[in-house]
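Enquirer: Need coordinates for the following:
(chains A, B and C)
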Amino acid sequence: MTTRHPFSRRGLLRTSAGLAAAASFGAPSILHAETKTLKITTWGGKWGDIMKATVLPAFEKEHGCTVSADQAFPFVPKLQVSPKNDPLYDVLHTNSNEQWLAVVDGLVMDKITAKEVPNVADVYPYAVSDKIVGVSIFTSAIGLGYRTDKDITPPKSWKDLADPKLAGARGGYLIPVNSLGQCHLMMLGKIYGKGLQDLDAAYKALEQLKPIKLVDFTGQMEKMLLSAEVVEGVIHDSGVYRYEGANRQPVDFCSPSEGVMALEQVLNVAPGSKVKELAFAYIDYMLRPDVQKLLAEGVWYSPANKKVKLEAKYDAKLLTTPEKVATLIQPDWKWYNARKDDIDARVTKILKG
Amino acid sequence: MTLFNRMTSAAIKLQQVTKSFDGKVVAVDDVTLDIKAGEFFSLLGPSGCGKTTSLRMIAGFEMPDSGRVHVGGQDITDVPVHRRDMGMVFQSYALFPHRTVAENVAFGLRMRDVSKPEIAKRVAAALAQVALTGLEERKPAQLSGGQQQRVALARALVIEPRVLLCDEPLGALDRKLRQQMQFELKELQQRLGVTLVFVTHDQEEALAMSDRIAVMNRGRVEQVGAPTEIYERPRTRFVADFIGEINLLEDGPHPRALRPEKIRLVPAAEARLKGTVETANFLGGATLYRVNAGGRAYLARETHSGERSPRAAGDAVGLAWNDTDVVSLES
Amino acid sequence: MSTPLNKQPFDLGKTAYLGLNLLLLAFLLAPIAIVLVFALNPTPYISFPPVGVTLRWFVKFFETGDFMRSLWLSLWIAACVLVLSVVIGGACALALARGHLPGRAFLTAFFMSPLMLPAILTGLALFQSYLLSGIGRPVWGLIMAHTLIAVPYVLRTTLAVLHNFDRRIEEAASVLGASPVRVFFEVTLPLIQPGVFAGGVFAFIVSFDQFPVSLFLVVPKGETLPVVLFNYMKFDLDGAIAAASMVSILLALAVVLVLERLIGLKAYVKL
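Expert: Numbers count the residues shown, from 1 in each chain, chains lettered A, B, ... in the order given. Sure thing, here's the model as predicted:
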């Protein structure tokens, strides 16, 4: 077995480096001689393929370091368990809701500013708004995906999902485990009640959506739409737009008139990171227009950097202008996470059966 | 053709041996035995009397709490089992289920680093001796109980042990086969001259086969002697009672015993006691009567020699015996 | 008059018994059948009835570096776990059954306890202790974790064999001149071997399929197959998952068959 050696050896190096650091504060030069390792989390799928094939190797070359990219969930619990002064990850990449969980325990920094990461100066306001800890490098729009071949009126509003004709053919998420489901719940409060935080109105509206097909991953929702088990369902734009060209499928995405919910890809740094400069450099790198363009066009994410110019077909659909970006509604995850247990219990009761 | 060589046998001596389990139950209590070389010696008693534990101490499976074990004049108390050079046959046979008949028999020779051709020769001879030639490649599970018994015997004897230990080896066989094996075993033992220690709870078996018997009870030896002696002159009440049927006469200061066959059924005039037949059990070669005389029951065995003189329940009979046939027992 | 043939009357109990067995069999095999259909169906999602037959998902599975690397890693780990748990579990079982140890019942429960604890907690706890003790997450750490979970299986099957073991057989060997060591290798080991290896097969499969314990203990680029499949599923739920499942099932089956051939699991001890 040859594949196992690099890891164990590296693990050994890391351990011995740690020991050396603890033992000999007076001789840091020895440590500098070694190649630094940046530990990050990242997605799998197409995103992961691009990262591993192009983005990360280029970064490693540029900075003379190695990047250890963990694609195996769950990231936040793993970070939580690891020692704060020697965190398992230097850079944590998750959706926004998990960053809010992590910041409570001091696992990540509150804010990333242009001081540490110069490219932050060029991002849209949502990427560093008060709804974000760290910095958002991309966003998707959560709206409605639907079949174009099933003789339904293309949706215009979030309310269209309640159309009685869609009974049993509409799709949603297991709200306790999926942030798209959580976004949708908040959106129901806004549409049918006084706002995103009107949970009573949201519960009532959720009741009206039964019967509804529920999934735990967004990937599953894609497949449900592709197999027409779900005719109309809550999904992020990239989960629909990626089926184009040779992969074309009879599905389309609607940005409801009331606005789309933001599904941000957030990067943040662990305060205890031993390679903090490298971590900031990595985030800066990920915000660079060329890197942003590559990934945005690869997986149909809307780039956070205002200066990115996408090819026309991407530009047409993704949120690439201040006007389009203004349709994004950012959920207050701090507020939501504080009530999550109650909400979970309530929605589980509503959706049971 | 002599298949087994006549063996050099050894005497066994147990010297004030005591063994208890879990520090409580005394299984063997101060037992001293002298077993002569070449002797067929039985340890007889009910279950839990200490006979098996005594045998296991000779084999070395159990370590006596106190006392010594000698074999062939040597103190072997501290010699581990595998260096004692004994043969043993277990009640369950304890054949190696994963090995063939031939491999089972060869085991002891293999442990002694005997050369391969020599092993083959001796295994073949041993199997011939117990009439199992042709079954070499069978697994034990494919053999009948009697055949397994023979394999166990061949396996124990092929190493030409100084001593052969048998723990109720015939217990699992049916009556007919058991009797046949009793003869075979006795014959084999005599021919080989091996010292054989035989554990059994079956008094008939012990009487039939042994040169001498030690009757054990509650961890102690009650009596050691030749079968006739044990039978005719039981020393204790336990021995008298355990071996065969007995009439216990408790009219004096000491209990006395009288074998049923020593009681004669006679006309009233010659009788010591007068009574009535309660039951008459026909045993084939004899009849066992249960006679009520003076409010207590007597057993009388009448052998059928020539003419039968049948008596039935309810018949009045007289009982007579010779005083010399009455045995005084230790109380 | 000729002897009437004994006509077998319709036996309701027997028929019901047969029916129940067939039902159970169907219940056990149906998921595998569904996975197979999914694996051979060209669409990248589960559709029924299938629209065709293709091997593209198998090709994708075998051509994807991540899958292959994790497959080999999983096999390698499972093989190590098999060996370790057989040695440790077998030795434990012998000590527990034979050792006259004080507190045997407690010790047995202790060694079985990894089965009682939710595996995810075991994984998390090990992850935490590894990190805190500065071990990191080396492959041997993962192997030890799997072994921890696998040992109870070997322990249980071996104890079962030892429970029915006639110790007179060992005594017979020793009285025939076998030293304790030889008794062990000539008699004890061959006789408990089927139980030990039946446990070993369990151990292999438990490790090969292990997800919850591995979840926290795998390192980037050192993920086991179940972890890779789980993460893959979050982004690409296509037939490659089903193909991977089929390959896993077939590999596990192959291991069982090979071990059965080599050792003869049902040779002479009924479990």
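Enquirer: Every contact and neighbour count from this point should use C-alpha atoms.
Expert: Will do.
Enquirer: neighbours of residue A:43, just the number please.
Expert: Applying other Cα atoms under 10 Å in any protein chain shown, we find 21 residues neighbouring residue A:43.
Enquirer: In terms of secondary structure, what does the helix or strand hosting residue A:61 contact?
Expert: According to DSSP states H and E, residue A:61 maps onto helix A:56-63. Other elements packing on helix A:56-63 under the criterion 3 or more Cα pairs under 8 Å, 6 or more residues apart in numbering or on different chains; DSSP states H and E are strand A:66-70.
Enquirer: list the buried ones in whichever helix or strand comes after the strand it packs on?
Expert: Sequence-wise, the next helix or strand downstream of strand A:66-70 (DSSP H and E) is helix A:75-81. The neighbour-count check on helix A:75-81 (16 or more other Cα atoms under 10 Å in any protein chain shown) flags A:75, A:76, A:78, A:79, A:80, A:81 as buried.
Enquirer: Across the sheet, point out what pairs with residue B:320.
Expert: Beta-bridge pairing for residue B:320 (DSSP bridges): residue B:264.
Enquirer: need the contact list for residue 82.
Expert: Unless you meant another one, I'm taking chain A. Residue A:82 sits next to A:88, C:128, C:131, C:132 when contact means Cα atoms under 8 Å, 6 or more residues apart in numbering or on different chains.
Enquirer: The chain in question should be chain B.
Expert: By Cα under 8 Å, 6+ apart, the contact list for residue B:82 reads C:174, C:175, C:176, C:177, C:178, C:179.
Enquirer: And residue B:234, by the same measure?
Expert: B:223, B:240, B:327, B:329.
Enquirer: now with 10 Å?
Expert: By Cα atoms under 10 Å, 6 or more residues apart in numbering or on different chains, the contact set of residue B:234 is B:215, B:222-225, B:228, B:240-243, B:257, B:327-330.
Enquirer: What is the distance between the strand or helix carrying residue B:53 and the centre of its chain?
Expert: If you go by DSSP H and E, residue B:53 is part of helix B:51-59. Here helix B:51-59 is found 14 Å from its chain centre; the criterion is Cα atoms, centre = their mean, to the nearest Å.
Enquirer: again, but for stretch A:220-234
Expert: Computed by Cα atoms, centre = their mean, the separation of stretch A:220-234 from the middle of its chain amounts to 20 Å.
Enquirer: if we can go back for a sec, can you check the contacts of residue B:234 and name whichever has the most neighbours?
Expert: residue B:215 (27 neighbours).
Enquirer: quick one: pLDDT of it?
Expert: Listed pLDDT for residue B:215 reads 96.
Enquirer: Over to residue C:157?
Expert: You'll see residue C:157 listed with a pLDDT of 91.
Enquirer: list the contacts for the residue nearest to the spatial centre of chain B?
Expert: Central residue of chain B (Cα atoms, centre = their mean): residue B:206, 3.2 Å from the mean position. Applying Cα under 10 Å, 6+ apart, one finds that residue B:206 lies in contact with B:40-45, B:182, B:198-200, B:212-215, B:227, B:243.
Enquirer: Confirm that it sits in a helix.
Expert: Yes - looking at residue B:206 with DSSP: H, G, I helix; E, B strand; the rest coil, it is inside a helix.
Enquirer: related to what we said a few turns ago, now the contacts of residue A:82 as CSV including neighbour count and secondary structure?
Expert: Listed next are the contacts of residue A:82 as CSV, based on neighbours: other Cα atoms under 10 Å in any protein chain shown; DSSP: H, G, I helix; E, B strand; the rest coil:
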residue, neighbour count, secondary structure
A:88, 25, coil
C:128, 20, helix
C:131, 20, helix
C:132, 14, helix
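Enquirer: ok, so of these, who is nearest residue C:192?
Expert: Distance to residue C:192, by Cα to Cα, is smallest for residue C:128 among those, at 36.8 Å.
Enquirer: Can you tell me how far the residue lying closest to the closest one once chain neighbours are set aside is from residue A:300?
Expert: Spatial nearest neighbour of residue C:128, excluding adjacent residues (Cα to Cα, 6 or more residues apart in numbering or on different chains): residue A:81 at 5.8 Å. Going from residue A:81 to residue A:300 by Cα to Cα, to the nearest Å gives 33 Å.
Enquirer: do residue A:76 as well
Expert: Residue A:76 sits 25 Å away from residue A:300, going by Cα to Cα.
Enquirer: hey, where'd the strands end up in the stretch 151-300 of chain B?
Expert: Along the stretch 151-300 of chain B, counting by DSSP state E, counting those that start in this stretch, strands occupy B:163-167, B:195-200, B:212-217, B:220-225, B:247-249, B:256-258, B:264-266, B:273-282, B:286-293, B:296-303.
Enquirer: ugh, wrong one, chain C
Expert: Counting by DSSP state E, chain C has no strands to list.
Enquirer: Not counting residues beside it along the chain, what's closest to residue B:256?
Expert: Spatially, and ignoring its direct neighbours in sequence, residue B:256 is nearest to residue B:328 (4.4 Å; Cα to Cα, 6+ apart).
Enquirer: So, low pLDDT: which residues of the chain?
Expert: You didn't pick a chain, so chain A it is. Along chain A, the model assigns pLDDT under 70 to residues A:1-34, A:353.
Enquirer: Not quite, go with chain B.
Expert: B:1-7, B:306-309, B:331.
Enquirer: how about the residue in the stretch 201-331 of chain B positioned nearest to chain C, what does it touch?
Expert: Among the residues of the stretch 201-331 of chain B, residue B:201 lies closest to chain C, at 19.4 Å counting by Cα to the nearest Cα. Contacts here follow Cα under 10 Å, 6+ apart; on that basis residue B:201 touches B:42-47, B:49, B:51, B:168, B:171, B:215-216, B:242.
Enquirer: and which of the residues you listed is nearest residue B:143?
Expert: Nearest to residue B:143 among the contacts of residue B:201 is residue B:171, at 17.0 Å by Cα to Cα.
Enquirer: ok, now how distant is residue A:289 from residue A:123?
Expert: As defined by Cα to Cα, residue A:289 lies at a distance of 10 Å from residue A:123.
Enquirer: now do residue A:342
Expert: Relative to residue A:123, residue A:342 is positioned 35 Å away (Cα to Cα).
Enquirer: more crowded one of these two?
Expert: Neighbour comparison, residue A:342 and residue A:123: the larger count goes to residue A:123, with 21 against 11 (by other Cα under 10 Å).
Enquirer: Find the nearest non-adjacent residue to the more buried one, please.
Expert: In space, residue A:123 is closest to residue A:305, 4.3 Å off (Cα to Cα, 6+ apart).
Enquirer: same question, residue A:220
Expert: Here the residue nearest residue A:220, using Cα to Cα, 6+ apart, is residue C:237, at 6.6 Å.
Enquirer: residue contacts, residue 256?
Expert: Using chain A. Applying Cα under 10 Å, 6+ apart, the residues contacting residue A:256 are A:142, A:143, A:144, A:155, A:156, A:157, A:158, A:159, A:160, A:327.
Enquirer: Chain C was what I was after
Expert: Going by Cα under 10 Å, 6+ apart, residue C:256 touches C:197, C:198, C:200, C:201, C:202, C:204, C:205, C:250, C:262, C:265.
Enquirer: The same query, at a cut-off of 8 Å, please.
Expert: Remark: with contacts taken as Cα under 8 Å, 6+ apart, residue C:256 is in contact with residue C:201.
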